[in-house]
Each structure stands twice: as structure tokens, then as C-alpha cells.
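1. below: sequence and its predicted model.
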Amino acid sequence: MWENREEKKMFKNQNLPLFNKGTYKEIDRVYVSRVQNAMFQVMELQEEYGKYDNDSFLNEMKDSMVGMYLGYEFVNIDKHGFDAKRKSNKYDEWLEVKQVSFKSESWQATFNDTTIEKAEAFKDIKLNLAVGVWNKMMELMFIVYGKNYEIGEYLEKMVIKCKEEQRRSTQTISVQSLIENYNFRVKPVNNSSKEVEELLKIRFKKYNWRDRIDKE
């Protein structure tokens, strides 16, 4: 009688280039213990405020800090919508917040899963964009912020292109481009305006950053 048996699969023993990537060192047990002890205090805060999702916990904190320094009153605790909001006499304003690490090789605002609707929002006078530049985990060095109609146009064009190419709609705009091409400003936080100017000169070389930096 014929039986439908799956062919037995055998593991391979290959010398794939992927196995040669990475830098491995012995696990530092003292480091693990010290970080773990420090994080217990963070866990107590998570318990106190009922915020158990680690990513959301940190993102809300960082979005709140950026929003506060730019004069926003409310932070969005939902996964949908923009990150912060403030009320004014003319109209309410919203803020989209991006975060970058000072140590990162590239400083850029990344827009994931952008839609035509979201691209259209960046053409609206009520929406602002901010990029917080962080040193280590919680030191907010400065904020690059502003709005520009052309950002919405760029995002719209790229969304259409991604759809035509049947790939995920992800776009990036560098911090340098936001300042140079989209007329964004720089707000120092934990660094003086002079220190921020020097940091930008080192990072981006040729550009007169002084005119773009807010005074303390």
C-alpha cells in the first residue's frame, strides 16, 4: 500500500558568511547585574503608572520631553495619531516626533508605513515635525523642529512610488536636509547654543548653523 511519507530533512553544516559577522565577547555578569538592579526602579515606575509595554513607556517619556520643550501640553498615549498636541487661539496644533541617537552614523527622520493621508497632513499648517537628538538613554541634547509644505509633497511622491514598486512605504529625511532645505530650526536643551553650533559644524561641516539655532 502506498504511503505518503515526508522526506526526512537533514540539518546542514555550512560555512555561511553570516556566521562570521558580529563581535562576540564573554558575557559580563557584573554589567548584567548592575543594569538589572537599575532597571528595577524603572519597573516600579511602570507598575505605578500602569505602563507595561517597554517601547511605549520610553517613547511616551521621550515624546513628552520633546513636546514640553516646544510648548506642547498633551502627549498621545494611543498607537495611532500624532505624538503631541497643543491648543492655541487660532487652531489646535499637532506634533510628529522622531528620535535619533547622537552616536548614530546617520541623523534622519524616518517615516514608516506612510499613507497619502499622512503625507497630506504634512501640508497642513496645523502639523509640525520635531527630531530629538539624544545622547545615551535620557539626555536630550537639542531638537530640530519646524514645518514645511514641501515635506508633504515629498512624502506623497514617495508613497506613490513605493506603491508602484510594491514595497513598504518608508521614507527618510536627514536632519541636515531639514535644516538646510526645509528651513527647520534648532532648539538647544542640555547643551548651550554655542555647543550645539560646534557639534553641527563637526557633523555637517560647511554651513552657517548659527542663524538656525535658538538662543537660550
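-> Now that the structure is in, tell me what you want to look at.

2. helix or strand: which one has Tyr31?
-> In this structure, Tyr31 sits in helix 29-49 according to DSSP states H and E.

3. what about this protein, any weak spots by pLDDT?
-> Under the criterion pLDDT under 70, the flagged ranges of the chain are 1-6, 206-207, 216.

4. quick revisit: I'd like the next helix or strand past the helix holding Tyr31.
-> Proceeding N to C from helix 29-49, the next assigned helix or strand is helix 54-69, under DSSP H and E.

5. does anything pack onto that following helix? Which helices or strands?
-> Counting contacts by 3 or more C-beta pairs under 8 Å, 6 or more residues apart in numbering; DSSP states H and E, helix 54-69 is packed against strand 74-75, strand 84-86, strand 93-101, strand 127-135, strand 139-146. C-beta coordinates here come from the backbone N, C-alpha and C atoms, glycine included.

6. got the angle for the last one vs helix 54-69?
-> It refers to strand 139-146. Between strand 139-146 and helix 54-69, the angle comes out at 70 degrees (axes from the mean of the first three to the mean of the last three C-alpha atoms, to 10 degrees).

7. then strand 139-146 to PDB, C-alphas only?
-> What follows is strand 139-146, C-alpha atoms only, in PDB (Å, rounded to 0.1, in the frame of the first residue of the first chain):
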ATOM      1  CA  GLU A 139      19.900  63.200  27.700                       C
ATOM      2  CA  LEU A 140      18.100  65.300  25.200                       C
ATOM      3  CA  MET A 141      20.800  67.400  23.600                       C
ATOM      4  CA  PHE A 142      18.700  69.500  21.200                       C
ATOM      5  CA  ILE A 143      15.600  69.500  19.000                       C
ATOM      6  CA  VAL A 144      15.300  70.100  15.300                       C
ATOM      7  CA  TYR A 145      11.800  71.400  14.600                       C
ATOM      8  CA  GLY A 146       9.600  73.100  12.100                       C
END
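
8. so for Lys8, which of the helices and strands packed on helix 54-69 sits nearest?
-> Across those, Lys8 has its closest neighbour in strand 93-101 (47.5 Å, C-beta to C-beta).

9. which residues touch Trp94?
-> Trp94 makes contact with 82, 84-85, 121, 126-128 under the criterion C-beta atoms under 8 Å, 6 or more residues apart in numbering.
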